[in-house]
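K.L.:
give me a model of this one.
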Amino acid sequence: MKKLLFTLMTLLMSVSAAHAFIDKYTLNRDNLPEEARQMLTDYFPKAKVSMIKVDRHLLKKTDYDVKLTNGTKIEFSNKGKWTSVDCGKKELPEDLVPKTIRRYISKNFSGLKAVSIKKRNAGYDIGLSDGVKHRFDLLGIYKGTCNQE
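P.N.:
Coordinates of the predicted model:
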């Protein structure tokens, strides 16, 4: 009897644990934190959501991957702060890129536009329209090119 009970408990725990890691796909913006919804409204007011992936992790908190119908991909933390934005070949909304970085790009990479941005603990990785990613610190000081991921 104890073996049967132990087997049933193990089975029940493994099924519930497996269910916790199943990613959820939706189109409903209400599944996003308020800050993420506000960011979409502020920076991409006309774009429609084509998919929201609610990404659950074992030890990390939930994060969100959003794809817009215009091809833009945005990743949000569990609190709704954006962590990366990739507009493909289109230019990023101007206010997403810090002003010092925008100035550096326009001065040193004329003719190129910022098409992706990724926040890091120590700064930003900015992808330009030529396909090269450049690293900047939190103050906007250029640190060089970064490895392609």
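K.L.:
quick one, helices of this protein?
P.N.:
Along the chain, counting by DSSP state H, helices occupy 2-20, 34-43, 99-108.
K.L.:
who touches Gly81 in this structure?
P.N.:
You called it Gly, but residue 81 is Lys. By CB atoms under 8 Å, 6 or more residues apart in numbering, Lys81 lies in contact with 35-36. In short, each C-beta sits where N, CA and C put it, glycine included.
K.L.:
for it, what are phi and psi?
P.N.:
When read as degrees, to the nearest 10, the backbone of Lys81 gives phi -80, psi 130.
K.L.:
show the pLDDT at it.
P.N.:
We have a pLDDT of 93 for Lys81.
K.L.:
next one: Gly144
P.N.:
89.
K.L.:
looking at it, it is touching His134, isn't it?
P.N.:
Yes. Counting by CB atoms under 8 Å, His134 is a contact partner of Gly144 at 7.1 Å.
K.L.:
show me the shaky parts of the protein.
P.N.:
By pLDDT under 70, the low-scoring segments of the chain are 1-2, 4-22, 58-60, 147-149.
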